[in-house]
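Asker: Need coordinates for the below:
(one chain, ligands or ions: 1)
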Amino acid sequence: MSDKAFFVGHHAALDFLNTIAAPREETIEFIADGNAYVTWLTDVGLLAPTEAQGLLDKFGKPALDRVASEARELREWFRRLIAKPARRRTADDVATLNQILAIDCSRRQLEESDKRLVLREKREFVRVRQLLVPVAEAIGELLANGDSSLIKRCANPSCTLWFYDRTKAGLRRFCSAAVCGNRAKVAAFRERQRRSK
Ligand SMILES: [Zn+2]
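Answerer: Numbers count the residues shown, from 1 in each chain. I've put the predicted structure just below:
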């Protein structure tokens, strides 16, 4: 598939929600199999290209495909959760997320970089399901630290994309000014024309 996933979310957790979209009416699944899921993780910056290498050899296609299927379930679980008002979300609601975070295998390690020592987090993928951890962490980060009033769905009713509004004024309404913003402008222009006739 030549279509690239959308990275309009301005937060990895919302880009994750946007991995299924219908930009030209027909729905596109961007994490349809294990390979696509690993590519997406790398593109969104949740997996280093060096970490992505060798995952297919290590776990094999069927196991990676299963984890992609779990990722799609996690995505739809998250979509339901985000529809719930932030104030009413409880620890019980996020048990699914905590179960995934519990299988993490990461540690910090000192490394050399530009002739000095830096402390870096290293994540090991011993079990294939640990590939869900970076996404669970991004979702957790958004739920815990994000401003829920800035988590928005595109104002175009036929668009399903979500984004985190990082504009200064907090007035971003569309996933993309060029696509949905423009569509809305054209529609408003037509409406004004129709009324002035
Ligand atoms: Zn949109």
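Asker: what's the pLDDT at residue 37?
Answerer: According to the prediction, residue 37 has pLDDT 97.
Asker: Pretty sure it sits in a helix.
Answerer: Yes - checked against DSSP: H, G, I helix; E, B strand; the rest coil, residue 37 lies within a helix.
Asker: for it, what are its contacts?
Answerer: Applying C-beta atoms under 8 Å, 6 or more residues apart in numbering to residue 37 gives the contacts 31, 64, 67, 68, 71, 131. C-beta coordinates here come from the backbone N, C-alpha and C atoms, glycine included.
Asker: I'd guessed the second one sits against residue 54; true?
Answerer: Yep, that's residue 64 we're talking about. No - counting by C-beta atoms under 8 Å, residue 64 does not reach residue 54; the two are 11.8 Å apart.
Asker: Going by how many neighbours each has, rank the two and give me the top one.
Answerer: More neighbours surround residue 64 than the other of residue 64 and residue 54, with 21 against 10 (other C-beta atoms under 10 Å).
Asker: In three-state terms, label that one for me.
Answerer: Residue 64 - assigned by three-state DSSP - is helix.
Asker: Quick check: nearest residue in space to it, chain neighbours excluded?
Answerer: Take residue 64 and drop its neighbours on the chain: the residue closest to it by C-beta to C-beta, 6 or more residues apart in numbering is residue 34, 2.4 Å away.
Asker: Can you tell me how far the one you found is from the ion?
Answerer: 28 Å (C-beta to the ion, to the nearest Å).
Asker: Many thanks, I have nothing further to ask.
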